[in-house]
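Trainee: model the following, please.
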Amino acid sequence: MTDVSPDELAERLYDDEREDVLVLDVRHEAEYEEWHVPYSVNVDVYDELVDDREAAEEQLAGLPDDREIVTVCAAGVVSRTATELLQEMGYDAATLTDGMNGWSRVHRHAPVTTELEGTLVQVARPGKGCLSHVLLSDGEAAVFDPSHYLEEYEAILAERGADLVGVFDTHAHADHVSGGRTLADRHDVPYFLHPRDALEIDATPIEDGETLEVGSVALEAIHTPGHSEGSVSFDVGGEALLTGDTLFHDSVGRVELGVEAGLEDADVEGNAATLYESLQRLLDRPDGTVVLPAHDPGSPDPPVAATLGEVEARNEDLDRDREAFVERLASDVPDHPPNFERVKRTNVGREDVPEEELSDLELGPNRCAAE
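Mentor: Here you go, the predicted structure:
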């Protein structure tokens, strides 16, 4: 049986080879619509593959035969049955190893164009819509918002010959488990998280206006609460803004997750008003500043970047006055990220999830933006 690894599939899809492959998702349509590999097509044949192979063959007949077909399901089990059937039908077919579970683990990185005295590398996790960043300057490095899959960050540090001097989370995330504290412990460096989010976790506090240096680059912490009480954005050398989940390119952070997870005493309307004020602090920066959020709702391939001027021109949330902004964010609440209560409680130190459960805990789409 032929398998295709998630990393190999990502390279083919994002590096101009996708014309040679057809990604076939065999899950139920609702599951596909919620979360899927980019450029894939859906044939809802899951039940037939389990119960009636002849009916499945009828539904799969007519697929193009000029490309390799890579089958996808949740964990790579039923899709393997699809691959076997397609091969019997004469197709060139393979199975995505571990299905969507495997796709969730893919990481890709690329440098961000800036005028910094150093390099800013963006690490994207397409299957989760997560974006993290590595700042490198004069042999030193800092990592921002890392996932708990640390191999990608270790590889960047080794490739650049840089010593890690600090790890930062812009806030206690609700969609994925942070690898920040583990990475910091591994390198015996500080793990920085604002005290309002570091409820029961061992973290070095980062406060509004605090300035730190990584090599020749200065980092300014800007407390930007609203999405989370401890949300912090970082001005990186006057060239870039790491905005966490406060400001996205086309939206802003949602304001009810901490309240509904039982971690905040604030109300949703109050958080929305607070977020409005936080955004004004970011919008005062020069238009040419590169905005780098911690998430992108699609399946991002790095670098995902836009100038502050570009974001202001296309982000409708930034055109609203305070009253309209608060009303929209408090009343138009999208579906929650999967398991967000447990994920957020883990990231603030109130729950300890076994290593073997982490991957399953954070599976599913990213929903941290106020859509």
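
Trainee: so what's the nearest residue to residue 125 once chain neighbours are set aside up against?
Mentor: If the residues on either side of it in the chain are set aside, residue 125 comes closest to residue 107, at 5.4 Å by C-beta to C-beta, 6 or more residues apart in numbering. Heads up, the C-betas are built off the backbone N, CA and C, glycines and all. Counting by C-beta atoms under 8 Å, 6 or more residues apart in numbering, residue 107 makes contact with 123, 124, 125, 147, 149, 151, 152.

Trainee: and the two most separated of those?
Mentor: Within those, two members stand farthest from each other by C-beta to C-beta: 124 and 151, at 14.7 Å.

Trainee: the two: which is more packed in?
Mentor: Remark: of residue 124 and residue 151, residue 124 carries more neighbours, 26 against 10, as counted by other C-beta atoms under 10 Å.

Trainee: if I've got this straight, the more buried one is in a strand?
Mentor: Yes - checked against DSSP: H, G, I helix; E, B strand; the rest coil, residue 124 lies within a strand.

Trainee: surely it meets residue 295?
Mentor: No - contact between residue 124 and residue 295 fails when scored by C-beta atoms under 8 Å: they sit 10.0 Å apart.

Trainee: joint contacts of the two?
Mentor: Both residue 124 and residue 295 are in contact with 130, 131, where contact means C-beta under 8 Å, 6+ apart.

Trainee: list the contacts of the residue nearest the centre of the chain.
Mentor: Geometric centre of the chain, nearest residue: residue 130, 1.1 Å, by C-alpha atoms, centre = their mean. Neighbouring residues of residue 130 by C-beta under 8 Å, 6+ apart: 124, 145, 147, 175, 176, 294, 295, 366.

Trainee: give me that answer again for 6 Å
Mentor: 176, 295 (C-beta atoms under 6 Å, 6 or more residues apart in numbering).

Trainee: so what's it bridging to?
Mentor: In this structure, residue 130 bridges to residue 125, residue 295 when assessed by DSSP bridges.

Trainee: strands of the stretch 251-371 of the chain, start to end?
Mentor: Ranges of strands in the stretch 251-371 of the chain, per DSSP state E, counting those that start in this stretch, are 290-293, 306-307.

Trainee: correction: the previous question concerned the stretch 1-150 of the chain.
Mentor: Using DSSP E, counting those that start in this stretch, the strands found in the stretch 1-150 of the chain span residues 3-4, 21-25, 41-42, 68-72, 93-96, 108-112, 119-125, 130-137, 140-144.

Trainee: now mean pLDDT and distance to residue 313 too, for those, in CSV please.
Mentor: As requested, the strands of the stretch 1-150 of the chain are exported to CSV (pLDDT from 0 to 100; distance: least, C-beta to C-beta, whole Å):
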stretch, mean pLDDT, distance to residue 313
strand 3-4, 96, 40
strand 21-25, 97, 34
strand 41-42, 98, 34
strand 68-72, 97, 36
strand 93-96, 98, 38
strand 108-112, 97, 20
strand 119-125, 97, 22
strand 130-137, 98, 21
strand 140-144, 98, 26
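
Trainee: now render the ones you listed as CSV, adding distance to residue 192.
Mentor: Formatted as CSV, the entries for the strands of the stretch 1-150 of the chain read as follows, by distance: least, C-beta to C-beta, whole Å:
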stretch, distance to residue 192
strand 3-4, 38
strand 21-25, 39
strand 41-42, 42
strand 68-72, 38
strand 93-96, 36
strand 108-112, 21
strand 119-125, 17
strand 130-137, 13
strand 140-144, 9
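
Trainee: out of the ones you listed, nearest to residue 10?
Mentor: Each of the strands of the stretch 1-150 of the chain was scored for nearness to residue 10 using C-beta to C-beta, and the closest is strand 108-112 (6.3 Å).

Trainee: sorry, back to before: ok, now how distant is the residue nearest to the centre of the chain from residue 240?
Mentor: With distances defined as C-beta to C-beta, to the nearest Å, the gap from residue 130 to residue 240 amounts to 18 Å.

Trainee: pull the contacting residues for the closest residue to residue 2 other than its chain neighbours.
Mentor: Here the nearest residue to residue 2 in space, its sequence neighbours aside, is residue 94; by C-beta to C-beta, 6+ apart that works out to 3.9 Å. Contacts for residue 94 (C-beta under 6 Å, 6+ apart) come out as 2, 4, 70.
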